[in-house]
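Student: predicted model follows, preceded by the sequence.
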Amino acid sequence: MNKFCDNCEFLNITEEEQDKLSNIVGYKLNHICKEYGTKLYHNDYHPNIVRCDECIADDVTTAMDFGEAIEALKAGKKVYRKGWNGKDMFIELSEITEDVYTLKCGLVCGRHNYIYMKTADNMLVPWTASQTDILAEDWEIRGEEG
């Protein structure tokens with residue numbers, strides 16, 4: 001488990017960004033964990049940013065395999081793989097509110113739930129698991145805010 005969050009996807013600004021912005025605004029902006037809204041600190045004069053207690057606890061308690069991730073989807077949770085490269089990507093089970101849908105041509109079709117992905121560029125697309133996704137054990141539950 002990494003105790004520093006310097007490269008974490010939930011870090012609001014990096015050290016480099018903080019230095020650049022402090023020259024513009026005249027003071028140092030705080031490092032914030034976007035996942036939990038927690039202010040982050042350096043450990044004494046250590047250059048790395050220490051992870052918040054919630055993130056450290058998450059590493060221990062939320063890593064899941066694919067079966068557990070599917071169960072979380074069925075329970076209404078958003079899940080993601082820690083290994084995904086895109087920022088703020090997750091998958092979620094669609095919520096079909098009507099059993100039928102009428103196409104523009106007038107054809108009436110049945111509907112089923114499906115899994116979609118929220119992509120890094122804020123698009124929702126149907127999602128199909130890869131072999132790597134199915135065998136992975138780094139699935140996590142996404143926070144409720146996004």
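Tutor: Perfect, thanks for sending it.
Student: domain map for the protein?
Tutor: 15-60, 63-141 (automatic domain parsing).
Student: let's have these in a markdown table, adding distance to Cys5.
Tutor: C-beta: built from backbone N, CA, C; applies to glycine. Below are the domains of the chain laid out as a markdown table (distance: least, C-beta to C-beta, whole Å):
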| stretch | distance to Cys5 |
| --- | --- |
| domain 15-60 | 4 |
| domain 63-141 | 13 |
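Student: outside of the helix or strand hosting Glu92, which residues touch it?
Tutor: Secondary structure assignment for Glu92, by DSSP states H and E: strand 90-93. Contact with strand 90-93 is made by 73-74, 76-80, 113-118, 127, 142, as judged by C-beta atoms under 8 Å, 6 or more residues apart in numbering.
Student: make it 7 Å
Tutor: By C-beta atoms under 7 Å, 6 or more residues apart in numbering, the residues outside strand 90-93 that reach it are Leu73, Lys74, Lys78, Val79, Tyr80, Asn113, Ile115, Tyr116, Met117, Lys118, Trp127, Arg142.
Student: list only those of the residues you listed flagged as buried.
Tutor: Neighbour counting with 16 or more other C-beta atoms under 10 Å marks Leu73, Lys78, Val79, Tyr80, Tyr116, Met117, Lys118, Trp127, Arg142 as buried within the contacts of strand 90-93.
Student: now the residues you listed in TSV, with secondary structure?
Tutor: Shown next, in TSV, are the buried ones among the contacts of strand 90-93 (DSSP: H, G, I helix; E, B strand; the rest coil):
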residue	secondary structure
Leu73	helix
Lys78	coil
Val79	strand
Tyr80	strand
Tyr116	strand
Met117	strand
Lys118	strand
Trp127	coil
Arg142	coil
